[in-house]
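Q: generate a structure from the sequence data that follows.
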Amino acid sequence: MSEELELYKQAYERERKARLAAEDVLETRSRELFLKNQELEASLVQLKAQQDALIRSEKLATLGTLVSGVAHEINNPLSFVHSNVDTLGQHSDAIAKLYPLLIESLAVDESERPAFAERVFKFLEEEDLEYFTDELDELVSDTNDGVQRVKEIVRNLRSFARMDAQVRTEADLNEGIRSTLKLINNQISANTRVNLSLEEIPPVLCNPGEINQVLLNILVNAAQALEGQREPTLEITSKENQGWVEISIADNGKGMTKEIQQRIFEPFYTTKDIGKGTGLGLSISYGIISHHQGELLVDSAPNKGTTFTLRVPIQTR
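A: Modelled structure (predicted):
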């Protein structure tokens, strides 16, 4: 009996040691898993921060493109508005001096009027007021046109910059196309033929600013692809197609190989010269359209141009 008890104790001790060893291993593995999980969480936080920083950098690049275009577009009308206002200012001083002369003429004797009239005509000639009165209507009209152009640019900018709104709203994507085109007009070569064929389309529930950012990225890419082409042409179409709004942007530029097309939406992938792109524009654009449950497609061939097609589902509130 005592022998059996001893055997039992030995078996129990072996089992206890094995259990303790297993518990030690389990505790060690649990601790390792916990530490690995903490490392992964820290890595995810870091990756998210890096992703946010990259998106901000791309938005800054987009902002830089906008600022360049808007500055150029506003500078032209402001230049002649400034010139016209300066001319008006100079001649307003002369008119202010003319006023007391006219008051004085009321008290001039009949015999002194010829000499006084000669004095007035000489003043008008010296101040070039005769020319000024002839050109006054044109000066005012040109100045008003310049101010209206600036107002239109600001309106387009406000329409484009609705990217600040995080809440989705119903938007006319045709308006987004027109606004974006006007804002980057200076980046499209003057000899580029831009053909707009925009059908009537229903409003789309979206973040308009984000969609405009996609349009800007694709349009700027198309404009750059047309550099050096003999007859550069940009075709932009929109239509409703079986529950989708489709926007196509086609250029007759350099085109790209199948290999490039397969990588075109990868982050940091770019075929542009150093300093001409971040390699993030199309990647972020693809993400934006995917977030809208849409599609961003590309069709291209070397020396035959490129077509980007943006498809967004028609959704309303």
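
Q: please count neighbours and contacts with C-alpha atoms only from this point.
A: Will do.

Q: burial count for Asn195?
A: 12 (other CA atoms under 10 Å).

Q: actually Phe308, not the one I typed
A: There are 20 residues near Phe308, going by other CA under 10 Å.

Q: so it is in contact with Asp251, correct?
A: No. Between Phe308 and Asp251 there is no contact under CA atoms under 8 Å: 9.1 Å.

Q: Leu297: what secondary structure?
A: Under DSSP: H, G, I helix; E, B strand; the rest coil, the three-state class of Leu297 is strand.

Q: all further residue positions should be reported with the first residue as 12.
A: Got it, first residue is 12 now, which makes that one Leu308.

Q: and the nearest residue to it once chain neighbours are set aside, backbone torsions?
A: Computed as CA to CA, 6 or more residues apart in numbering, the closest residue to Leu308 that is not its neighbour in sequence is Thr320, at 5.1 Å. Main-chain dihedrals, Thr320, degrees, to the nearest 10: phi -120, psi 120.

Q: which ones are touching Thr320?
A: By CA atoms under 8 Å, 6 or more residues apart in numbering, the contact list for Thr320 reads Glu257, Ile258, Ser259, Ile260, Glu306, Leu307, Leu308, Val309.

Q: same check on Val158?
A: So Val158 contacts Pro88, Leu89, Val92 (CA under 8 Å, 6+ apart).

Q: now, the residues you listed that are in helices?
A: Among the contacts of Val158, DSSP state H puts Pro88, Leu89, Val92 in helices.

Q: was I right about the first one contacting Arg160?
A: Right, the one you point to is Pro88. Yes. Between Pro88 and Arg160 a contact is recorded at 6.8 Å, counting by CA under 8 Å.

Q: the two: which has the busier surroundings?
A: Higher neighbour count among Pro88 and Arg160: Pro88, with 20 against 17, using other CA under 10 Å.

Q: skipping adjacent residues, who's closest to the more buried one in space?
A: Nearest residue to Pro88 in three dimensions, chain neighbours excluded: Gly157, at 4.6 Å (CA to CA, 6+ apart).

Q: what does Val178 give?
A: Val178 sits nearest to Asn218 (CA to CA, 6+ apart), 6.8 Å away.

Q: again with Val151
A: Spatial nearest neighbour of Val151, excluding adjacent residues (CA to CA, 6+ apart): Asn95 at 7.9 Å.

Q: so the one you found: helix, strand or coil?
A: Asn95 ends up helix, using three-state DSSP.

Q: give me the pLDDT for it.
A: If you check Asn95, the pLDDT there is 76.

Q: count the residues that sit near it.
A: 18.

Q: just checking, it touches Thr154?
A: Yes. Counting by CA under 8 Å, Asn95 does reach Thr154; the two are 6.5 Å apart.

Q: now do the buried residues in stretch 206-221.
A: Buried residues in stretch 206-221, defined by neighbour count with 16 or more other CA atoms under 10 Å: Leu209, Ile212, Pro213, Pro214, Val215, Leu216, Cys217, Asn218, Pro219, Gly220, Glu221.

Q: what about the strands in this structure?
A: 180-182, 204-209, 215-217, 244-252, 255-262, 306-311, 317-324 (DSSP state E).

Q: pLDDT-wise, which helix or strand of the chain ranks last?
A: Sorting the helices and strands of the chain by mean pLDDT, DSSP states H and E puts helix 13-116 at the bottom, at a mean of 67.

Q: just to revisit the earlier point, and the gap between the residue nearest to Val178 and Lys250?
A: 19 Å (CA to CA, to the nearest Å).

Q: cool, Val158 as well?
A: Following CA to CA, the distance that separates Val158 from Lys250 is 34 Å.

Q: returning to what we had before: drop anything exposed from the contacts of Thr320.
A: Of those, these count as buried by 16+ other CA under 10 Å: Glu257, Ile258, Ser259, Ile260, Glu306, Leu307, Val309.

Q: beta partners for the last one?
A: When bridges are taken as DSSP bridges, the partners of Val309 come out as Phe319.

Q: pretty sure it sits against Tyr297.
A: No. Using CA under 8 Å, Val309 is not in contact with Tyr297; the gap is 10.9 Å.

Q: what is the neighbour count of Glu129?
A: 11.

Q: again with Glu123
A: 10.

Q: same question, Met267
A: Residues lying near Met267 (other CA under 10 Å) number 19.
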